[in-house]
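Colleague: quick one: sequence and predicted model below, then my questions.
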Amino acid sequence: MEIRERMTVHEKVRRVSLLILAALWAGMCPRSDAVDAETPESRICVEASTGLVVAEQHADIKRPPASMVKLVMMLLVAEGLDAGVWREDMEIGVSAHAQHMGGTQVYLEAGQVWPLDRLMQAVAIASANDAAMAVAEGLWGSKEQYLEAANRRAAELGMVDSTFNSVHGLPPDRGMPFDETTARDMATLARECVKHPRLLAWTREKELEFKPGQAISYNTNKMLWRMPECDGLKTGYIRASGYCVTATAARGDTRIIAIVMGSPRFNERFQTAKTLLETGFAQVRRVKVADIGQPVATGAAVEHGMVARTPLYPLESVWVVVPPDREQDLRVILDYPPRLAAPLKAGDVVGELWVELDDKRLGDTLLYVAEAAPLDLWSAVTAGGAGEAE
């Protein structure tokens, strides 16, 4: 017993010494992949259809998005499916490179073939890095070609502070750059994402059994359990990014998007996002001021026409977003000639409608006539006679 006790003490001393050496080594070698504690959290809340900013704080700080970078892939794939470039049931082969991605995965194996839609479920619900790489290689041919397409689309959307260097958001190899974006740019990306119902169909699912018998993967976005209206979009975490979430929810005709980046704690990002979404719903109202198919002017005068008046229709519906207590201050302005000149063809554009609040234009559309208005008989004869005289 006495000998064993001395060995135990010796072992304790050895372990403490190793811990001290490790701490000293860590102090001499600062980690470039650790989030800077002095960098404040980034937040932004916007109304989806107009981009109206409801609240923001440090929204332009550049920082890694971690797995939220996968939203770019979701958007590109959704756009390709909508355009008929790809099909949900098209088969994607798994490479050895994809199999060994590491981090969160659904454990794909090289040589397997999976439907595109199934892999996108793994990307959106389980945040699977192996599935993301398989899709990038399967649809674009290589990681490099995918990243070229991803950065090009980000530039088209006006994400001026974003550069994507990875498919999945994992920390880069030593000496290589991190992915970089801002909360404001992520809000821009999210506004485009929510235009695609099939993308929201991926992100709203709470769980996924990828393979029969495999453990269920639960959606990393815990907002789905905390807010019934929430249907997306994506979380992210690496040491360099802190805890991040891009969240969205819809109530009636209003959809709000909230971005939180650099949160110091797992649950705090969700609580902050929920507060932002609730603030957004409380502070904005989406109002339809013109409805496609419904006339906005029922009796526009027609000069020299077989009809004296004709209704005018908006080319598209017009929605605006305003604070609830300002709806009565909206001004709808119709701009068209006091007398329209016949002949008019169905579909002729004759004017414009716009909506103002405090002299700021919030939305607009063109006005057109839905029915033809030919010249009256006298004007037609006169016009014909004048033509013969020439």
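Modeller: Here it is on my side, so go on.

Colleague: what's next to the helix or strand F281 falls within, contact-wise?
Modeller: Using DSSP states H and E, F281 sits in helix 266-283. Here helix 266-283 makes contact (CB atoms under 8 Å, 6 or more residues apart in numbering) with 41, 43, 45-47, 54-55, 222-223, 226-227, 230, 235, 237, 243-245, 247-249, 251, 254, 256, 258-260, 263, 323-324. In short, each C-beta sits where N, CA and C put it, glycine included.

Colleague: centre of the chain versus that helix, how much separation?
Modeller: Here helix 266-283 is found 17 Å from its chain centre; the criterion is CA atoms, centre = their mean, to the nearest Å.

Colleague: may I see the buried residues of that helix?
Modeller: Within helix 266-283, the residues that count as buried by 16 or more other CB atoms under 10 Å are R269, F270, T272, A273, K274, L276, L277, G280, F281, Q283.

Colleague: and stretch 336-352, by the same measure?
Modeller: Per 16+ other CB under 10 Å, stretch 336-352 contains these buried residues: Y336, L340, A342, P343, L344, V350, G351.

Colleague: equivalent analysis for stretch 94-102, please.
Modeller: With burial defined by 16+ other CB under 10 Å, the residues of stretch 94-102 counted as buried are V94, S95, A98, Q99, M101.

Colleague: leaving out chain neighbours, which residue sits closest to the last one?
Modeller: Just to be clear, that refers to M101. Of all residues not flanking M101 in the chain, N129 sits nearest, at 4.1 Å (CB to CB, 6 or more residues apart in numbering).

Colleague: check contacts around that neighbour.
Modeller: N129 makes contact with M101, G102, G103, T104, Q105, V167, H168, L170, according to CB under 8 Å, 6+ apart.

Colleague: can the residues you listed go into a markdown table with extra columns for secondary structure and distance to A149?
Modeller: A markdown table is the format used below for the contacts of N129 (DSSP: H, G, I helix; E, B strand; the rest coil; distance: CB to CB, whole Å):
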| residue | secondary structure | distance to A149 |
| --- | --- | --- |
| M101 | coil | 19 |
| G102 | coil | 24 |
| G103 | coil | 22 |
| T104 | coil | 23 |
| Q105 | coil | 23 |
| V167 | coil | 11 |
| H168 | coil | 15 |
| L170 | coil | 19 |
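
Colleague: want to throw the residues you listed into JSON lines with pLDDT?
Modeller: Output for these, formatted as JSON lines (pLDDT from 0 to 100):
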{"residue": "M101", "pLDDT": "92"}
{"residue": "G102", "pLDDT": "88"}
{"residue": "G103", "pLDDT": "93"}
{"residue": "T104", "pLDDT": "95"}
{"residue": "Q105", "pLDDT": "95"}
{"residue": "V167", "pLDDT": "98"}
{"residue": "H168", "pLDDT": "97"}
{"residue": "L170", "pLDDT": "96"}
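
Colleague: and which of those is nearest A370?
Modeller: The closest of those to A370 turns out to be V167 (CB to CB; 49.3 Å).

Colleague: pretty sure that closest one contacts Y146?
Modeller: Yes. With contact defined as CB atoms under 8 Å, V167 reaches Y146; the gap is 6.2 Å.

Colleague: the more surrounded of these two?
Modeller: More crowded of V167 and Y146, by other CB atoms under 10 Å: V167, with 26 against 23.

Colleague: please report phi then psi for that one.
Modeller: Dihedral pair for V167: phi -80, psi -30, per degrees, to the nearest 10.

Colleague: just the closest of the buried residues of stretch 336-352 to A373, please.
Modeller: Comparing the buried residues of stretch 336-352 against A373 with CB to CB picks out L344 as the nearest, at 4.1 Å.

Colleague: any buried residues in stretch 223-231, and which?
Modeller: For stretch 223-231, by 16+ other CB under 10 Å, it's M223, L224, M227, C230, D231.

Colleague: same deal with stretch 100-110?
Modeller: M101, T104, Q105, V106, L108.

Colleague: quick one: end-to-end length of that stretch, please.
Modeller: 9 Å (CA to CA, to the nearest Å).

Colleague: with stretch 151-166 instead?
Modeller: 11 Å.

Colleague: pull out the buried positions in it.
Modeller: N151, R153, A154, L157, M159, D161, S162, T163, F164, N165, S166.

Colleague: ok, now stretch 189-209?
Modeller: Those would be 189-194, 196, 199-204, 208, for stretch 189-209 by 16+ other CB under 10 Å.

Colleague: touching that stretch from outside, list them.
Modeller: The contact list for stretch 189-209, computed with CB under 8 Å, 6+ apart, reads 46, 48, 51, 71-72, 74-75, 78-79, 81-82, 88, 106, 120-126, 154, 157, 159, 216-219, 221, 224-225, 231-234, 246, 248, 255, 257, 259.
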